[in-house]
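Undergrad: the amino acid sequence is not available; the structure is as follows:
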């Protein structure tokens, strides 16, 4: 037993996950401190507007977050002389996407603002936030593909601490919700600068001595990844936006607090997936066994998720009061339900990432179907916050059942 424990402790998945979990959760502490402090300063109505704007940014960014998995996949399995070519090609695509989408956001501001009941100034600010977010996503994914988990963790901490400090500063200067968002922009720009001139200084964004000739393969892999990323991010963002549309401002703020607390489960376990993906991708490309990595990842993910969910079930009032204050205590009866929704979604995400790391892209159909099921369900049935949450639970439970059946089929086939 001692040898088995030592073997698990020495496993790269465990050590890499330990670094990522510690660093990411330290960063998440400041991310949630940002929501807690700013939620208290702004109050439910203004915080609901901020949460809706952040969900909008998340959904737009999700349209290009597929870049992350694609980069990790190809960098982790690339030869040394292909690395510069990969970085240059992906940066070119990122700049095109960032400028194009940022411009569209600015032009479409009146429509977006009217549809989601968000101020024009907040929508306009999402343009530059998206532009720099896509650049930092490329840099961070590149480091992750190289299995450099320490720099990834450090950069995440810098960004989240900066988001809290600058956001708080600008709110105290009287900029309200706009200041909270502007703090995010400043922190992302800082992270981009540090990455470029410190962690990636040895890699040049220019024509490589060996021409990158896998663009076609990247594109064919990227399309299903794109659909999966959009659908996955939509599953935990669409509900916030639709609640903002159908409910009164105070209820939308209460729901936003639930969403923020619930996502602790997902983001608390996401470092495990971040480490698992490149490791399985590398082993798959070499024809090596990866079953142990999957089992360890699943056990770690379920363990962390259930631990947080148990706390939510036993101490809902304490958690809400500690993080958001007494104004949000009406959210307490729904916390364990929302936590269950995110727990199931987290396990779903682990299986989806497992298949994508092996280039099994057919799972995209399951994820897209779940996204549609949730959005349509909430659109027609939203008589209460609990009804909205139960529709989300039913949707992700459908996804889990589909993925487990597909896993059984794939295992038997292999």
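TA: Good, I have the coordinates. Everything numeric here is computed off the predicted structure, so don't read it as measured data.
Undergrad: hey, let's count contacts and neighbours off CA atoms from now on
TA: Noted.
Undergrad: run through the stretch 1-150 of the chain and note the low-pLDDT ranges.
TA: Low-confidence segments of the stretch 1-150 of the chain, defined by pLDDT under 70: 1-18, 20-21, 62-66, 78-82.
Undergrad: go again using 50 as the cut-off
TA: Filtered on pLDDT under 50, the stretch 1-150 of the chain yields the residue ranges 5, 8-9.
Undergrad: where along it do the helices fall?
TA: For the stretch 1-150 of the chain, the helices defined by DSSP state H, counting those that start in this stretch cover 2-10, 12-62, 66-76, 83-107, 109-116, 120-145, 149-170.
Undergrad: for the stretch 151-300 of the chain, same thing?
TA: So, for the stretch 151-300 of the chain - with DSSP H, counting those that start in this stretch - the helices run 176-194, 215-235, 238-246, 249-286, 291-314.
Undergrad: next, the angle helix 83-107 makes with the second one.
TA: Using axes from the mean of the first three to the mean of the last three C-alpha atoms, to 10 degrees, the direction of helix 215-235 lies 50 degrees away from that of helix 83-107.
Undergrad: for the third one, same thing?
TA: Interaxial angle of helix 238-246 relative to helix 83-107 (the same axes, to 10 degrees): 10 degrees.
Undergrad: check the longest one too.
TA: Relative orientation of helix 249-286 with respect to helix 83-107: 160 degrees, computed using the same axes, to 10 degrees.
Undergrad: quick revisit: nearest to residue 39, out of the helices of the stretch 151-300 of the chain?
TA: For the helices of the stretch 151-300 of the chain, proximity to residue 39 was assessed by C-alpha to C-alpha; helix 249-286 is nearest, at 8.3 Å.
Undergrad: most packed of the helices of the stretch 1-150 of the chain?
TA: Among the helices of the stretch 1-150 of the chain, helix 66-76 has the highest mean neighbour count (mean count of other C-alpha atoms under 10 Å), at a mean of 25.
Undergrad: what lies in contact with stretch 283-297?
TA: 13, 77, 272, 273, 276, 279, 280, 350, 354, 358 (C-alpha atoms under 8 Å, 6 or more residues apart in numbering).
Undergrad: check stretch 131-150 too.
TA: Contacts for stretch 131-150 (C-alpha under 8 Å, 6+ apart): 16, 19-20, 61, 64-65, 67-69, 71-76, 87, 90-91, 94-95, 98-99, 101-102, 151-152, 155, 185, 188-189, 191-192, 195-196, 200, 274-275, 278.
Undergrad: returning to that earlier point: the helices of the stretch 151-300 of the chain: lowest mean pLDDT?
TA: Comparing mean pLDDT across those, the weakest is helix 215-235, with a mean of 77.
Undergrad: report all helices and strands that it contacts.
TA: Applying 3 or more C-alpha pairs under 8 Å, 6 or more residues apart in numbering; DSSP states H and E, one finds that helix 215-235 makes contact with helix 12-62, helix 66-76, helix 364-380.
Undergrad: would you turn the ones you listed into TSV with distance to residue 324?
TA: What follows is those, written out as TSV (distance: least, C-alpha to C-alpha, whole Å):
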stretch	distance to residue 324
helix 12-62	5
helix 66-76	32
helix 364-380	26
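Undergrad: of all those, which lies closest to residue 173?
TA: In terms of C-alpha to C-alpha, the element of the helices and strands packed on helix 215-235 nearest to residue 173 is helix 12-62, at 12.4 Å.
Undergrad: circling back to that earlier point, adding distance to residue 161, write the helices of the stretch 151-300 of the chain out as a markdown table.
TA: Listed next are these as a markdown table, based on distance: least, C-alpha to C-alpha, whole Å:
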| stretch | distance to residue 161 |
| --- | --- |
| helix 176-194 | 8 |
| helix 215-235 | 23 |
| helix 238-246 | 24 |
| helix 249-286 | 16 |
| helix 291-314 | 23 |
